[in-house]
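1. fold the following and give me the result.
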Amino acid sequence: MNGSWWEVEHRILHLHHGCKTRTQLTQIHAHFLRHHLHQSNQILCHFISICFSLHRISYANLIFHQTHNPNIFLFNSMIKGHSLSKPFQNSLQFFTIMKSRGIWPNEFTFAPLIKSCSNLLDLKMGQGLHKKVISVGFESFSSIRIGIVELKMSERSVVSWNVMISSLARSGHARKNVVSWNAIISDLAFNGKGELGVDLFEEMLSKDVKPNDATFVGVLACCAHAGLVQQGLDLFASMTTKHQIEPKLEHYGSMVDLLGRSGCVKGAHDLIRTMPMHPNATIWGALLSACCTHDNMELAESAVNEHIDLGP
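-> So this is what the prediction gives:
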């Protein structure tokens, strides 16, 4: 590309709009590195948005963590992107990082955060954000108003969850139906209620309901999303020692996610290396995300290479 810096930036922004594949994404990345456009916040915001639209979340995380002194716009891009895909907790984690660096949120920060709280049924956090929105005078923004309405609806959902769980625990029919228990445990995992999901798993065992491999996919996901490392390790071990269930790729994926989220990046990598089956792109992607979050660039490079070799 020839021309002024502004012309090069304009052309790459135009390419962003036509980016539809992983190959095009890496080509655009190479272009803006070659022309030193990684110093442009506008370019980085566009690029990160494209990563999320193509579900290249690990790539977006990597770009962000390689950026020196990211500003409010870059943080907003990450918060918004993570609010649109599971695990929604990542959106709140980027908000925490932003605050720790002394960056003040603006009107575009709160809407995706409130949406994440709604998806996670994290009412306490959501209510705290609502109070903050009122105190800084952002409540009149339509996107924030919509998010607050969704949050209020989520409050009703929590009541429904509690009623459903109580009913399931009492039901004689459900005691024999592991599918019913599995469905709710999995839903709790991905709605920010991991601890409740683990409690429900224990309740299920007390009712003499025999777990299957799908049960452990759900309860290990609960541990991962709730940060219950030791419980997750114990449950994973119990699959073979107590329940005679051989772990599958999905179970190893949950354990890599659990260890990576908690900062045990080397432990996650060691687990991948000792798996009895070949790890897939999802598992390497989980490790890459953990490496970026916990600044382990040596393992991140290895994960990137494995991720690229396996393809999308």
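
2. in stretch 255-271, what's buried?
-> The neighbour-count criterion (16 or more other C-beta atoms under 10 Å) identifies 255-262, 264-265, 267-269, 271 as the buried residues of stretch 255-271. (Glycine included, C-beta is placed from N, CA and C.)

3. ok, so of these, who is nearest S302?
-> Set against S302, the nearest of these by C-beta to C-beta is H269 (7.6 Å).

4. ok, H251 to D257 distance?
-> When distances are taken as C-beta to C-beta, to the nearest Å, H251 and D257 turn out to be 11 Å apart.

5. need the residues touching each of these two.
-> Taking C-beta atoms under 8 Å, 6 or more residues apart in numbering as the contact criterion, no residue touches both H251 and D257.

6. how much space between I283 and M239?
-> Taken as C-beta to C-beta, the spacing of I283 relative to M239 amounts to 17 Å.

7. the two: which has the busier surroundings?
-> I283 (27 against 19; other C-beta atoms under 10 Å).

8. surely that one touches G253?
-> Yes. The pair I283 / G253 is scored as a contact, 5.1 Å apart, by C-beta atoms under 8 Å.

9. am I right that P211 is in contact with L205?
-> Yes. With contact defined as C-beta under 8 Å, P211 counts as touching L205 (7.2 Å).

10. neighbour count: these two, which is higher?
-> Neighbours per residue (other C-beta under 10 Å) separate P211 from L205, with P211 holding more: 22 against 15.

11. buried sites along stretch 99-107?
-> Burial within stretch 99-107, assessed by neighbour count using 16+ other C-beta under 10 Å, is assigned to I103, P105, E107.

12. could you export stretch 206-226 as CSV, CA atoms only?
-> Coordinates of the C-alpha atoms in stretch 206-226 are reproduced here as CSV (Å, rounded to 0.1, in the frame of the first residue of the first chain):
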residue,chain,number,x,y,z
SER,A,206,-28.4,-37.6,47.3
LYS,A,207,-31.6,-38.6,45.4
ASP,A,208,-29.8,-41.7,44.0
VAL,A,209,-29.9,-40.3,40.5
LYS,A,210,-26.9,-41.8,38.6
PRO,A,211,-25.0,-39.1,36.7
ASN,A,212,-23.8,-39.6,33.1
ASP,A,213,-21.2,-38.0,30.9
ALA,A,214,-23.5,-35.1,30.1
THR,A,215,-24.0,-34.4,33.8
PHE,A,216,-20.3,-33.9,34.2
VAL,A,217,-20.1,-31.6,31.2
GLY,A,218,-22.6,-29.4,33.0
VAL,A,219,-21.2,-29.6,36.5
LEU,A,220,-17.6,-29.0,35.4
ALA,A,221,-18.8,-26.0,33.4
CYS,A,222,-20.4,-24.8,36.7
CYS,A,223,-17.1,-25.1,38.4
ALA,A,224,-15.3,-23.2,35.6
HIS,A,225,-17.7,-20.3,35.6
ALA,A,226,-17.8,-20.0,39.4
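
13. centre of the chain to that stretch, how far?
-> Between the mean C-alpha location of stretch 206-226 and the chain-wide mean there is a distance of 20 Å, by C-alpha atoms, centre = their mean, to the nearest Å.

14. for that stretch, give the mean pLDDT please.
-> On average, the pLDDT along stretch 206-226 is 92.

15. show me what counts as buried in that stretch.
-> By neighbour count with 16+ other C-beta under 10 Å, stretch 206-226 contains the buried residues 209, 211, 214-226.

16. what's the closest non-adjacent residue to the residue positioned nearest the centre of the chain?
-> By C-alpha atoms, centre = their mean, the chain has its centre lying nearest to P87, at 2.7 Å. Computed as C-beta to C-beta, 6 or more residues apart in numbering, the closest residue to P87 that is not its neighbour in sequence is H225, at 5.9 Å.

17. same check on E195?
-> Ranked by C-beta to C-beta, 6+ apart and with sequence neighbours excluded, the top spatial neighbour of E195 is A226, at 4.9 Å.
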